[in-house]
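Undergrad: Pasting the sequence and the predicted coordinates here, then a few questions.
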Amino acid sequence: MRYTHLGRSGLTVSRLCLGTMNFGPQTEERQAFAILDTAQAAGINFIDTANVYGGSSHRGWTEEILGRWFAQGGERRERTVLATKLFGTMTDRPNESKLSALHIRRALDASLKRLQTDYIDLYQFHHVDRNTPWEEIWQAIEVAVRQGKILYSGSSNFAGWHIARAQEIAARRNYNGLVSEQSIYNLLTRDAELEVIPAAQQYGLGILPWSPLHGGLLGGVLKKDGEGVRRVAGRALEALKSHQKQIRRYEDFAAELGQEPADVALAWLLHQPAVTAPIIGPRTPEQLEASIRAHKLKLDADALKRLDEIFPGHRTAPEDYAW
């Protein structure tokens, strides 16, 4: 496993981050434990979750599974850089969502209890809160840092100007601010290249791409025994209909390379200079092993150029759309 620093911080993380959103609703606990053990044995030390994971009927379920995994001992917690998130609604009571100082305090303590740990390495804002001033947010985070409950702060689903605003207010308070941004970023969805990635680079944030395979559409969906169209639904099905020609060209190119499409998609992300670690979300140990294989794949300049031709990206705004 290869490692790098998370953004401008001194924190060392693996080049793959294990996402756990499937644990509970789609992956039962025993298999989740097997995936976690396999990942840790392979050198993946970076695990991401969120307090809302588990579904609307059992929010917190995924954190509870992780807590029971840590409780088995064997230095599982000590060998993990643990990231979780807050923002989403946990109950129907007031102050049980978003980023008020009260919710940050309550959500953090609840996550610590479910995760059976004393501290969280990376505490992330799952979405921007337009109604809470950054002065309040950072004050609450600074208190948590002083209490030893969190070490670093990160964001998710922020626009570029949200990152800039957060960092400027943090600088006024002599606080480090954000060290990472989780954003949807993959060959098919490259909007982050307009402003999010440039802002992250300017302020020293590491990019943690979620949905690196775009819901499976970059994982060879058209060539899996003709099952591709039947295996996807909803937004993924609409995206498949809109981009079917591109995806077919992409799968053909992966075949030219002698590689699996999913491996090429992950490798492409790891060749992007702002990316720290794609967030992989395996439902089975076999899917995890495939991702571990992909992180070692090298793409040459010609391959990267071909991928840009199939899935055109963006230049930094405003040059992308103005002179």
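TA: Cool, got the structure.

Undergrad: For the stretch 1-150 of the chain, which segments are assigned as helices?
TA: 29-41, 61-70, 101-115, 134-146 (DSSP state H, counting those that start in this stretch).

Undergrad: The chain: strands as residue ranges?
TA: Per DSSP state E, the chain carries strands over the ranges 3-5, 12-14, 17-19, 46-48, 81-86, 120-125, 150-156, 178-184, 206-210, 279-280.

Undergrad: what does the shortest one rub up against?
TA: It stands for strand 279-280. Applying C-beta atoms under 8 Å, 6 or more residues apart in numbering, the external contacts of strand 279-280 come out as 16-19, 48, 182, 208-210, 212, 266, 288, 291. (Each C-beta comes from the backbone N, C-alpha and C, glycine too.)

Undergrad: if you set the cut-off to 6 Å instead, what comes out?
TA: The contact list for strand 279-280 (C-beta atoms under 6 Å, 6 or more residues apart in numbering) reads 16, 17, 19, 48, 208, 210, 291.

Undergrad: Hmm, which of those residues is lowest in pLDDT?
TA: By pLDDT, residue 291 ranks lowest within the contacts of strand 279-280, coming in at 93.

Undergrad: Please report how far that residue lies from residue 263.
TA: To residue 263, residue 291 is 8 Å away according to C-beta to C-beta, to the nearest Å.

Undergrad: before we move on, the earlier item: for the contacts of strand 279-280, could you give me CSV that also reports neighbour count?
TA: Compiled in CSV, the contacts of strand 279-280 are given as follows (neighbours: other C-beta atoms under 10 Å):
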residue, neighbour count
16, 26
17, 29
19, 25
48, 26
208, 30
210, 19
291, 22
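
Undergrad: Counting neighbours, what do you get for residue 150?
TA: 21 (other C-beta atoms under 10 Å).

Undergrad: Next up, the contacts around it.
TA: 120, 123, 144.

Undergrad: Can you pull out the low-pLDDT segments for this structure?
TA: Residues of the chain that meet the criterion pLDDT under 70 lie in 225-231, 233-235.

Undergrad: Which elements pack onto the longest helix anywhere in it?
TA: With secondary structure taken from DSSP state H, the chain has its longest helix at helix 234-257. Applying 3 or more C-beta pairs under 6 Å, 6 or more residues apart in numbering; DSSP states H and E, one finds that helix 234-257 makes contact with helix 261-270, helix 301-310.

Undergrad: for those helices, which one ends up most surrounded?
TA: Highest mean neighbour count of these: helix 261-270, a mean of 23 (counted as mean count of other C-beta atoms under 10 Å).

Undergrad: so how far is it from its chain's centroid?
TA: In this view, helix 261-270 has its centroid 15 Å away from the chain centroid, taken as C-alpha atoms, centre = their mean, to the nearest Å.

Undergrad: separation between residue 185 and residue 239?
TA: Using C-beta to C-beta, residue 185 is found at 15 Å from residue 239.

Undergrad: which of those two has more neighbours?
TA: More neighbours surround residue 185 than the other of residue 185 and residue 239, with 26 against 17 (other C-beta under 10 Å).

Undergrad: contacting residues for the more buried one?
TA: Contacts for residue 185 (C-beta under 6 Å, 6+ apart) come out as 192, 209.

Undergrad: Residue 162 contacts residue 129, doesn't it?
TA: No - using C-beta atoms under 6 Å, residue 162 is not in contact with residue 129, being 9.8 Å away.
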